[in-house]
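Participant: task: produce atomic coordinates for the following.
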Amino acid sequence: MAYRIQIQTTNAAIGIESQNASMRVVKSAQMKVKLQQDPPSMKIERKLPKLSIDQTQCFNESGLKTPLLLAKDFYAESVQKGLNNIARTVNDSKKFLHIEDGGNPSKEIAVELNTPDYKGMTMVAMPKSRPKVRFEPSSIDIKWVTPEVQAQWQRQNAEVEYVPYKVKVFLRTRPSVEISVIDDSLPGAVGSDMDTTM
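Facilitator: Modelled structure (predicted):
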């Protein structure tokens with residue numbers, strides 16, 4: 001009887017599964033702005049036209065003086081008459097200083113005081129002056145008030161899903177050793193033919 005030992009081995013095999021990293025943006029970052037502005041306003045300043053006519057001088061020349069101006073004229077006239085009377089009195093006194101030289105000063109003074117002062121008559125158109133006319137044109141001033149724009153910024157962060165890189169290593173086939181004893185004497189055994197051949 002011939003026996004032989006047959007050994008069959010199976011190598012180990014490993015499996016590798018990998019998963020690439022991935023990133024997905026669920027929600028992108030956005031910027032929101034809120035604008036607030038009051039409506040503009042307009043301011044208008046208007047000045048109406050003005051016409052003024054001053055006829056004071058015309059009324060004065062026509063004898064229609066105001067009470068204040070009339071009192072002022074009376075005062076000036078009174079002062080002037082007082083000064084004239086003082087001057088005439090001084091002149092009359094000087095005439096009596098040399099009375100011994102002859103003459104009749106009293107008669108001369110009496111004649112002078114009793115002789116009327118005739119004044120000529122003149123015809124004129126009244127009033128002589130023209131009224132003072134002053135005109136102020138109208139004007140308009142427009143001002144715009146523009147408020148500033150107020151901006152408020154609001155930022156929203158982005159949402160990102162990230163799947164990291166993965167590597168999975170596993171044993172696909174376990175290593176094995178199979179040992180068997182074969183009797184080559186049995187008919188039809190492969191081992192007998194092989195032994196015979198060898």
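Participant: give me the neighbour count for residue 113.
Facilitator: Neighbourhood size, residue 113 [other CB atoms under 10 Å]: 9. For the C-beta atoms, the positions are set from N, CA and C on the backbone; glycine is no exception.
Participant: and it, what pLDDT?
Facilitator: As predicted, residue 113 sits at a pLDDT of 76.
Participant: quick check: the gap between it and residue 89.
Facilitator: 12 Å (CB to CB, to the nearest Å).
Participant: try residue 64
Facilitator: Distance, residue 64 to residue 89, using CB to CB: 36 Å.
Participant: nearest residue to the most centrally placed residue in the chain other than its sequence neighbours?
Facilitator: A centroid search over the chain (CA atoms, centre = their mean) returns residue 146, at 5.6 Å, as the residue closest to the centre. Excluding its sequence neighbours, the residue lying closest to residue 146 (CB to CB, 6 or more residues apart in numbering) is residue 40, at 4.8 Å.
Participant: likewise for residue 34?
Facilitator: Per CB to CB, 6+ apart, closest to residue 34 is residue 152, 4.4 Å.
Participant: helix or strand for that neighbour, which one?
Facilitator: Element membership for residue 152, per DSSP states H and E: strand 150-156.
Participant: counting contacts, what elements does that strand pack onto?
Facilitator: strand 30-36 (3 or more CB pairs under 8 Å, 6 or more residues apart in numbering; DSSP states H and E).
Participant: helix or strand right after the strand it packs on?
Facilitator: strand 41-47.
Participant: ok, and what's touching that following strand?
Facilitator: With contacts defined as CB atoms under 8 Å, 6 or more residues apart in numbering, strand 41-47 is touched by 136, 138, 139, 140, 141, 142, 143, 144, 145.
Participant: OK, contacts around the last one?
Facilitator: When you say that, I think you mean residue 145. Applying CB under 8 Å, 6+ apart, the residues near residue 145 are 40, 41, 42, 43.
Participant: what distance do you get for it to residue 38?
Facilitator: For residue 145, the distance to residue 38 - CB to CB - is 9 Å.
Participant: what is the neighbour count of the residue nearest to residue 146?
Facilitator: For residue 40, using other CB under 10 Å, the count is 9.
Participant: my read is that it contacts residue 144, right?
Facilitator: Yes. At 6.1 Å, residue 40 counts as touching residue 144 under the criterion of CB atoms under 8 Å.
Participant: low-confidence ranges, this structure, go.
Facilitator: The chain contains residues with pLDDT under 70 at 1-2, 119, 184-198.
Participant: any figure for the gap between residue 181 and residue 6?
Facilitator: 8 Å.
Participant: who has more neighbours, those two?
Facilitator: residue 6 (11 against 8).
Participant: what's the closest non-adjacent residue to that one?
Facilitator: Using CB to CB, 6+ apart, the closest residue to residue 6 is residue 180 (4.8 Å).
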